[in-house]
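Undergrad: what follows is a protein structure lacking sequence information:
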């Protein structure tokens, strides 16, 4: 579960970079910015499914709860960032 959770963290970091720069990026590639946001959020969702399936095999219940809490937070944050990025992208089309 730690490896896909790490992927969620990396994708979240990239979404933050996209979010911070969406109004600065060249307008000619703004649709690519939106596509990147969609793909990163999909990667977060995919990694989250892998985390979830692995949670049942973790014997340390405290560790499993911590991983679940982190994963849920990244899942929600990823969806929020994607939506904000797409709104900004569409405003620049």
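TA: Thanks, I have it. Given the structure is predicted, the values throughout are model-derived calculations rather than measurements.
Undergrad: nearest the geometric middle of this structure, what residue?
TA: Taking C-alpha atoms, centre = their mean, the centroid of the chain lies closest to residue 78, which sits 3.6 Å from it.
Undergrad: tell me what the helix or strand containing that residue is packed against?
TA: When secondary structure is defined by DSSP states H and E, residue 78 falls within helix 61-91. For helix 61-91, the contact count by 3 or more C-beta pairs under 8 Å, 6 or more residues apart in numbering; DSSP states H and E identifies helix 2-21, helix 30-55 as packing neighbours. For every residue, glycine as well, the C-beta is placed using N, CA and C.
Undergrad: quick one on the thing from earlier: test my guess that the residue nearest to the centre of the chain contacts residue 9.
TA: No - because the distance of 10.5 Å does not satisfy C-beta atoms under 8 Å, residue 78 is recorded as not touching residue 9.
Undergrad: ok, and what's touching stretch 20-40?
TA: Contact with stretch 20-40 is made by 11, 14-15, 18, 78, 81-82, 85-86, 88-90, 92-93, as judged by C-beta atoms under 8 Å, 6 or more residues apart in numbering.
Undergrad: export those residues to a markdown table and tack on pLDDT?
TA: Converted to a markdown table, those look like this (pLDDT from 0 to 100):
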| residue | pLDDT |
| --- | --- |
| 11 | 98 |
| 14 | 98 |
| 15 | 98 |
| 18 | 98 |
| 78 | 98 |
| 81 | 98 |
| 82 | 98 |
| 85 | 98 |
| 86 | 98 |
| 88 | 98 |
| 89 | 98 |
| 90 | 98 |
| 92 | 96 |
| 93 | 94 |
